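Enquirer: have a look at this prediction, sequence included:
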Amino acid sequence: MKTAPSIPTVTPKNDDIFKISDKIRVLPVVHGSGNYTRQVRQRILSSRCDCLAVALPPEFQTTVEQGLDLLPTVTVSCLEEADGTQSYVPVDPSQPVIMGLRIARQEGIARQFIDWSVSSFEPRKLDFPDTFALRGMSLEKFKSALLTTLKRPEPGSQHEKRARWMAFKLHELELEYSNVTLICSVLDWPWIKEAYDERLEYTPPEQVEGTPHLYGVDKNTLLFALTEFPYITYLYEKMREELKSDKDVAIDGVKEIILRARELYLKKKKIRYHNLTIPSFQVYLQYVRNLTLMESRLTPDLFTLVTAAKQIGGDFFAVCVLEAARDYPLQSEGSLETLSLGIDQAVFDEDQKTPVKLKNRLSELMYEWRTLDLKPEPDKIKQENWKYRWDPHGQCSWPPEDEKIENLNTHVREQSRLLLSNDLARTEKFTSSVKDGIDIRDTLRNWHTGDIYVKEVPPSRGQVEIVVFLFDPEPDPDRYSWRQTWYAEHNEESTLCFFATEYMNNLVGPGIGEANYGGCMMIYPPRPIPNIWDDPQINKTNTLEEKLLEAAFYHSREKHVTVVSPCPARPSWRRLARQFKKNLIHIPMKRFSNQTLERVRRFHVLNGKEIRSFAQRFIQDI
């Protein structure tokens, strides 16, 4: 027999609470709890077990053990009942019962399925405490706390019949084996012990028609088959394969999901600026913790993770978190028939119109299904249909995004005027007025004299009419193939010239396309100018960013032109400004947060003003 020296042994004193005889020990578990899986594995490997009994009917043994051979691929063993409902056993590596059977096969321990066979299974649902508490307390203390909340089964109920039958089967097993371990539900444990001790009468099992059948599970619906998040189940299997400790997977797995979601987000969006940084994730995890505690839980559920992701990173990041959590890379397509699972229902065939109701024999946790308003990406078929119906003669902007970029433009213009004023600032020794404030630098410089210096900032000379934003300082012409000039709809908007990605390649709704600015030029107050991309007078430059700058210097009526870019102003830009006798004011883009830049850079094109009435339903928030 293999040994596991790193696994702590259970002392006989603490183990007595689970012994119902000298030969039989019970491991009561909460079905569907990954935290119990570690407890089951440790206690079986640290004990002298020669027979493992599980609370499953014997008709499931053949298909469940076939499913064990296919792990880590997840399968389900389904048995059709008389009313057409299917009761099933998920062969899930995070299930305590499945883990026990897996370890027993690994160690060559005999396995017995001893539950009462029934023609119509009655599932039980209970709101258990969060089993993550097992990380800081013993299994014995946790079970002792649960005992006071367990209700005695109704006389003649299926619950009572199952407990009495399993007690009878344990009497049989102790005649053949010397160390029997039973894995059963915590709801059955006290009543099995009572029936065993008092040798209560039992009812023979019912006749079951048919045999269970083993199915594969559609990868996209594994979330409904697994007890943990599919990605956390994958991490458990990965740690098992690499012979590493999985003690912290339940918590570290949440962080892995967030990092995986960020990878998906950046891969799909292909953006340069984003707010998914370490400080943002710290705020996110604090928010998740607070929401979890408000729901009286120790670990977050999927709804909490996605809700917090929507608040921090917008709809698309929330969708990425959902996709990352339900990803299970180990699922493979074999020779088994595949079914698609839902909430207590399944579809066995693509042509099947009505889903079949399901009963999970290894799920006793009470779930609350809640809805969350998210705007996912449309599929390719819808996008092709929207592209076919697009009217090439209609085009307008989305007003909330106009407001965002105009606010940024106003802020940059104010900063430009402040920079111009600071260039003219004077410093003098304090006499009778502090004027525009104390000049700390010169005061410290002359500290030895004891004099105080004040500064005077005169009004700026000149204004800034044109602001140029270069989000990508080295734009690829193939990527930014759409170049356009938009004119203001009213006096509060700017004339806008830009180069951007092609919006027709990313339709997010009917008559709604999404694009990203590579660079743009804003003229305020607005006035009409020729389309700079077709204007023959703009002919001194070739690259997109320099053509935009040339148009800004050419059309500006003021001497000063502000350029916002992530890199310092290049010599070629300043030479171009001198040719038009303009002064280039450079503002680093790092003054603005990544989230602000991404909100401004992403914009939507509507196929007519009538689209504005329903565009909000399809445009994702950031």
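Expert: Okay, I see it. Quick caveat, the model's predicted, so the values are computed rather than measured.

Enquirer: could you list the low-confidence segments of the stretch 501-622 of the chain?
Expert: 621-622 (pLDDT under 70).

Enquirer: assumed Tyr234 was part of a helix.
Expert: Yes: secondary structure assignment places Tyr234 in a helix (DSSP: H, G, I helix; E, B strand; the rest coil).

Enquirer: on the pLDDT front, check the residue nearest to it when sequence neighbours are not counted for me.
Expert: Leaving aside its sequence neighbours, Tyr234 sits nearest to Tyr328 (CB to CB, 6 or more residues apart in numbering; 5.2 Å). Placement of C-beta: from N, CA and C, glycine included. With respect to pLDDT, Tyr328 scores 92.

Enquirer: next, count neighbours for Tyr328.
Expert: 23 (other CB atoms under 10 Å).

Enquirer: what about it, which SS state?
Expert: coil.

Enquirer: contacting residues for it?
Expert: Contacts of Tyr328 were listed using CB atoms under 8 Å, 6 or more residues apart in numbering, and they are Val74, Lys219, Leu222, Leu226, Pro230, Tyr231, Thr233, Tyr234.

Enquirer: output those residues as a markdown table; include the columns neighbour count, secondary structure and pLDDT.
Expert: What follows is these, written out as a markdown table (neighbours: other CB atoms under 10 Å; DSSP: H, G, I helix; E, B strand; the rest coil; pLDDT from 0 to 100):
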| residue | neighbour count | secondary structure | pLDDT |
| --- | --- | --- | --- |
| Val74 | 25 | coil | 92 |
| Lys219 | 18 | helix | 90 |
| Leu222 | 22 | helix | 90 |
| Leu226 | 24 | coil | 89 |
| Pro230 | 24 | helix | 92 |
| Tyr231 | 23 | helix | 93 |
| Thr233 | 27 | helix | 92 |
| Tyr234 | 23 | helix | 92 |
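
Enquirer: closest one of the residues you listed to Arg262?
Expert: Tyr231 (13.6 Å; CB to CB).

Enquirer: looking at it, that closest one is touching Ile257, isn't it?
Expert: Yes: at 5.5 Å, Tyr231 counts as touching Ile257 under the criterion of CB atoms under 8 Å.

Enquirer: which residues of the stretch 151-300 of the chain fall in helices?
Expert: Using DSSP state H, counting those that start in this stretch, the helices of the stretch 151-300 of the chain run over residues 158-176, 189-198, 230-241, 249-269, 278-294.

Enquirer: for the last one, name the packing helices and strands.
Expert: Think helix 278-294. helix 249-269, helix 302-325 (3 or more CB pairs under 8 Å, 6 or more residues apart in numbering; DSSP states H and E).

Enquirer: hmm, back to that, give me the common contacts of Tyr231 and Ile257.
Expert: In contact with both Tyr231 and Ile257: Ala324, Ala325, using CB under 8 Å, 6+ apart.

Enquirer: how about Asp130, what does it touch?
Expert: Neighbour list for Asp130: Arg297, Leu298, Thr299 [criterion: CB under 8 Å, 6+ apart].

Enquirer: just checking, what packs against the longest strand along the chain?
Expert: With secondary structure taken from DSSP state E, the chain has its longest strand at strand 512-523. On a contact count with 3+ CB pairs under 8 Å, 6+ apart, strand 512-523 meets helix 399-423, strand 464-470, strand 495-500, strand 507-509, helix 544-555, helix 594-601, strand 602-606.

Enquirer: so which of those gets nearest Asp442?
Expert: Judging those by CB to CB, what sits closest to Asp442 is helix 399-423, at 14.2 Å.

Enquirer: low-confidence ranges in the stretch 351-500 of the chain?
Expert: 422-425, 458-462.

Enquirer: wait, I meant the stretch 151-300 of the chain
Expert: For the stretch 151-300 of the chain (pLDDT under 70), the answer is 272-273.

Enquirer: who wins for proximity to Glu323 among the helices and strands packed on strand 512-523?
Expert: strand 507-509 (17.2 Å).

Enquirer: pull the residues that contact that closest one.
Expert: So strand 507-509 is contacted by 377-378, 383, 386-387, 390, 513-514, 604, 615, 617-620 (CB under 8 Å, 6+ apart).

Enquirer: now, which of those lie within helices?
Expert: Counting by DSSP state H, the contacts of strand 507-509 place Gln383, Trp386, Lys387 in helices.

Enquirer: still on that earlier bit, of the contacts of Tyr328, closest to Phe281?
Expert: Tyr231 (16.6 Å).

Enquirer: touching, Gly511 and Val605? I think so.
Expert: No: when contacts are counted by CB under 8 Å, Gly511 is not listed as touching Val605 (9.2 Å).

Enquirer: more neighbours: these two, which one.
Expert: Val605 (24 against 20).

Enquirer: that one touches Asp391, doesn't it?
Expert: No: Val605 lies out of contact with Asp391 (CB under 8 Å); the separation is 12.0 Å.

Enquirer: per the record, what domains does this protein have?
Expert: 12-224, 235-327, 396-424+460-617 (automatic domain parsing).

Enquirer: closest one to Leu336 among the ones you listed?
Expert: Using CB to CB, the nearest of these to Leu336 is domain 12-224, at 4.1 Å.

Enquirer: show the end-to-end separation of stretch 580-599, please.
Expert: 33 Å (CA to CA, to the nearest Å).

Enquirer: kindly apply the preceding question to stretch 579-592 instead.
Expert: End-to-end distance (CA to CA), stretch 579-592: 30 Å.

Enquirer: now do that stretch: everything it contacts.
Expert: 408, 412, 415-416, 419-420, 464, 471, 540, 550, 553-554, 556, 559-566, 568-569, 573-574, 577, 597.

Enquirer: partners of the one helix or strand Thr427 maps to, with directions?
Expert: Assigned by DSSP states H and E, Thr427 falls within strand 426-429. Strand 426-429 has the following strand partners under DSSP bridges: strand 453-456 (antiparallel).

Enquirer: now do the strand it pairs with: everything it contacts.
Expert: By CB under 8 Å, 6+ apart, the list of residues contacting strand 453-456 reads 425-430, 433-439, 442-443, 446.

Enquirer: most neighbours, which of those residues?
Expert: Asp439 (22 neighbours).

Enquirer: wait, that one sits on Phe430?
Expert: No: assessed by CB under 8 Å, Asp439 is found out of contact with Phe430, at 9.3 Å.
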